[in-house]
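Student: Generate coordinates for the sequence data below:
(chains A and B)
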Amino acid sequence: MRTAARGALWLLFGAFFLFPLYAMADFSTRNLIKGGRTGAAWANLFADDALYQAIVTSLLLAVLTVVAMLVVLVPTMIWVRLRTPWAKGVVEFMCLLPLTIPALVIVVGLKNVYLWVTYLLGESALTLTFVYVVVVLPFAYRALDAALSAIDLKTLAEAARSLGAGWPTTMLRVVVPNIWSGVLSAAFISVAVVLGEYTIASLSGFQTLQVQIVAIGKSDGPTSVAASLAVLLFGFVLLLGLSLLTRRRRSS
Amino acid sequence: MTTGVGVELNDLTRVYGTVRALDGLTLHIEPGEFVALLGPSGCGKTTALRILAGLDEATSGTVSVGGRDVTSVPANKRDMGMVFQAYSLFPHLTALENVEFGLKMRGRAKGDRTTRATEMLDLVGLSAHLNKYATELSGGQQQRVALARALAIQPSVLLLDEPLSALDAKVRTQLRDEIRRVQLEVGTTTVFVTHDQEEALAVADRVGVMSQGRLEQLAPPAEVYADPATPFVAEFVGLNNKVPAEVTSGQAHLLGMSVPTLAGSISSGAGTALLRPESVTVTADPAGTSTVKSVAFLGPISRVYVALADGAVIDAQLTSAAARGFEPGAPVTVGVEQTRLLVV
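Tutor: Residues are numbered from 1 along each chain as shown, chains lettered A, B, ... in the order given. Now for the predicted structure:
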């Protein structure tokens, strides 16, 4: 009885989540004019130069955001826990703050700051990295916080220091390997947020993948749906990778 | 064989807000010596150890190791091995890799450090567990690996911060003796912090009893036990009965007997004698004014609780063979052995 109920639930949820993906795959491979199937929309992902550039930009943004977020957040959170525990509440509040501010407000608020950013670094879409690092902070903070709470950070760090490790070595060789699942979670959630972000990029006038998908959707439905599906599948593969990696580490 | 170095803590003070965790602590340790710092929670013993390790900073005072002032040297440059109260093995490394860690930090070649780490794990009896992770080891085994890891770097000083307190009684005794054996074998100067007096008395060359950030007495275990320097030491180390006594010219008069007083006692007048249970004698006496209240059997020894004529209860420690004759309600006479007593 329980197995049957479990099977029914699997089917129900499977259908609920997979049907839209199937519909997207079906639509993106349909030849709307002549009928039948075509891979043209998927080929456009590489053939359409603007779309291809947008994909590259978004992937680069995702990578840069993850790197910058980890470089800023991991040492800060470790340092706060070890040396200035009184500041933990303040840091947590600051990290969660972006969640409560609408994207439109962020864009308007950052306009003046971005005048300087574009003045110093040029008009590249990659300058969105700075905003995205702020936008992903609430998600990344939660993932890293949970991982740091699961270990005896103070004792591990002190043990490493007493054995002759400096602070960088302590963080990279002792702390990070033990919060690796949290680091991976933070990274993948950040990738998902960056690849799904539309409002800030669009309002700032940068051509990221999401902005392109919307633009193409107005003239070429199948290609925009193919791009959306590709992003979803990419996210799915990332999450699957995360789960496999953390499981392998746990079992070893 | 490592040659130990001398350690000097000079007038150390550590203030946290309004709390003085250390209040002018001065402690000199001889090369190769095993010193136990003993005291109740909050007496400053762990703070002293952490300052010696470089994991905390003194508000004032100096730390010197082997004649070199290391007060402002960071923890990773102090060359000290430390075993913590909490399990501190790096969970992502095997026992062998944990022990190799400190050697790796010192730039030792791979083959060299594996040999040394294997030797150290062998020394603590864990050569069969080289490739196990911390989660696969028992608490006692984890602390053994931590000890091997601390010793592998051939530290100038070995610091033990209540390493046995998380272990069960049997493992605690085994590991306690093992720590002493290993320390004697390698000859490293060792500071062992504990709140367990039995642990401190059993392993240390000298025991430092601390209270309120100060060192009350630093002496060999037998001396701390038999000749406590202060009332605090007398009360903290060993169990004590408090019996009213009258002091005149260096003699304490109590329970109808006279015994000499210890230095630090009041010179004359009425006071309270701190009387150890093993110094109390109990004799069966049908005309005795005291009565046996209860007898607690503790294996080789027994505790006999006797109600005195005035109703106060005194605790006597006898061999179980000697205690067998006493039944609750039996009339007895209570006396004191001819040992020196502290009267305050």
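
Student: From here on, just use CA atoms for contacts and neighbour counts.
Tutor: Noted.

Student: what are the phi and psi values for the most centrally placed residue in chain A?
Tutor: The residue at the geometric middle of chain A, judged as the C-alpha nearest the mean C-alpha position with C-alpha atoms, centre = their mean, is A:Val191 (1.9 Å). Phi and psi for A:Val191, reported as degrees, to the nearest 10, are phi -60, psi -40.

Student: Run a quick check on it versus A:Met69, I expect a contact.
Tutor: No - between A:Val191 and A:Met69 there is no contact, the gap being 10.9 Å when judged by C-alpha atoms under 8 Å.

Student: re earlier: not counting sequence-adjacent ones, nearest residue to the residue nearest to the centre of chain A?
Tutor: Excluding the flanking residues, the one nearest A:Val191 by C-alpha to C-alpha, 6 or more residues apart in numbering or on different chains is A:Ala62, at 5.1 Å.

Student: Where does the one you found sit, in terms of helix or strand?
Tutor: If you go by DSSP states H and E, A:Ala62 is part of helix A:49-83.

Student: in the helix or strand just after that helix, what's buried?
Tutor: Toward the C-terminal end, the helix or strand that comes next after helix A:49-83 (DSSP H and E) is helix A:88-100. Judged by neighbour count (16 or more other C-alpha atoms under 10 Å in any protein chain shown), helix A:88-100 contains these buried residues: A:91-92, A:95-96, A:98.

Student: and if you look at stretch A:57-75?
Tutor: When neighbours are counted by 16+ other C-alpha under 10 Å, the buried residues of stretch A:57-75 are found to be A:57-59, A:61-66, A:69-70, A:73-75.

Student: which residues touch it?
Tutor: By C-alpha atoms under 8 Å, 6 or more residues apart in numbering or on different chains, the residues outside stretch A:57-75 that reach it are A:125-126, A:128-130, A:132-133, A:136-137, A:140-141, A:144, A:171, A:183, A:187, A:190-191, A:194-195, A:208-209.

Student: Reduced to three states, what does the residue of the stretch 1-150 of chain B found nearest chain A come out as?
Tutor: Using C-alpha to the nearest C-alpha, B:Asn76 is the residue of the stretch 1-150 of chain B that sits closest to chain A, at 3.9 Å. Under the three-state scheme (DSSP: H, G, I helix; E, B strand; the rest coil), B:Asn76 adopts helix.

Student: what pLDDT does it get?
Tutor: Taken from the predicted model, the pLDDT recorded for B:Asn76 is 93.

Student: same thing with A:Arg249?
Tutor: For A:Arg249, the model assigns a pLDDT of 59.

Student: Which pair of the buried residues of helix A:88-100 spans the longest distance?
Tutor: By the measure C-alpha to C-alpha, A:Val91 and A:Pro98 form the most distant pair in the buried residues of helix A:88-100, at 12.4 Å.

Student: Go through the contacts of stretch A:57-75 and flag which are in strands.
Tutor: The strands in this structure, assigned by DSSP state E, contain none of the contacts of stretch A:57-75.

Student: shouldn't A:Leu121 be in contact with A:Thr127?
Tutor: Yes - distance between A:Leu121 and A:Thr127: 7.5 Å, which falls inside the contact criterion (C-alpha under 8 Å).

Student: More neighbours: which of the two?
Tutor: Ranked by neighbour count (other C-alpha atoms under 10 Å in any protein chain shown), A:Leu121 and A:Thr127 place A:Thr127 first, with 17 against 12.

Student: Do I have it right that that one meets A:Trp116?
Tutor: No - distance between A:Thr127 and A:Trp116: 11.0 Å, which falls outside the contact criterion (C-alpha under 8 Å).

Student: where along the chain do the helices fall?
Tutor: No chain was given, so I picked chain A. When secondary structure is read from DSSP state H, chain A shows helices at A:2-28, A:40-47, A:49-83, A:88-100, A:103-121, A:128-149, A:153-162, A:167-169, A:176-178, A:180-196, A:199-204, A:209-217, A:221-251.

Student: You answered for a different chain; I wanted chain B.
Tutor: For chain B, applying DSSP H gives helices covering B:45-53, B:95-105, B:110-123, B:139-152, B:169-186, B:197-203, B:221-226, B:231-236, B:320-323.

Student: Check the helices of chain A for me: which has the lowest mean pLDDT.
Tutor: Considering the helices of chain A one by one, the lowest average pLDDT is found for helix A:221-251, at a mean of 78.

Student: starting at the chain centroid, how far to that one?
Tutor: Remark: helix A:221-251 is offset 11 Å from the chain centroid, using C-alpha atoms, centre = their mean, to the nearest Å.

Student: close to chain B, is it?
Tutor: No - where contact is defined by C-alpha under 8 Å from any C-alpha of the partner chain, no part of helix A:221-251 touches chain B; the two come within 8.8 Å at best.

Student: Next one: A:Ala103 from A:Leu233, what distance?
Tutor: Summarising the geometry, the distance separating A:Ala103 from A:Leu233, computed by C-alpha to C-alpha, to the nearest Å, is 25 Å.

Student: burial of the nearest residue to A:Leu153 once chain neighbours are set aside, as a residue count?
Tutor: Ranked by C-alpha to C-alpha, 6+ apart and with sequence neighbours excluded, the top spatial neighbour of A:Leu153 is A:Val175, at 7.2 Å. The local packing of A:Val175 (other C-alpha under 10 Å) involves 26 other residues.

Student: I'd guessed A:Val175 sits against A:Leu156; true?
Tutor: Yes - between A:Val175 and A:Leu156 there is a contact at 7.4 Å, judged by C-alpha under 8 Å.

Student: Show me which residues of chain A are close to chain B?
Tutor: With C-alpha under 8 Å from any C-alpha as the criterion, chain A meets chain B at residues A:152, A:155-156, A:158-166, A:174, A:177-178.

Student: run the last query once more with 10 Å
Tutor: Within chain A, the residues that sit near chain B (C-alpha under 10 Å from any C-alpha of the partner chain) are A:151-167, A:169, A:173-175, A:177-180, A:249-250, A:252.

Student: Any regions of chain B where pLDDT drops low?
Tutor: Scanning chain B for pLDDT under 70 picks out the ranges B:1-3.

Student: try 80 this time
Tutor: Low-confidence segments of chain B, defined by pLDDT under 80: B:1-3, B:238-239.
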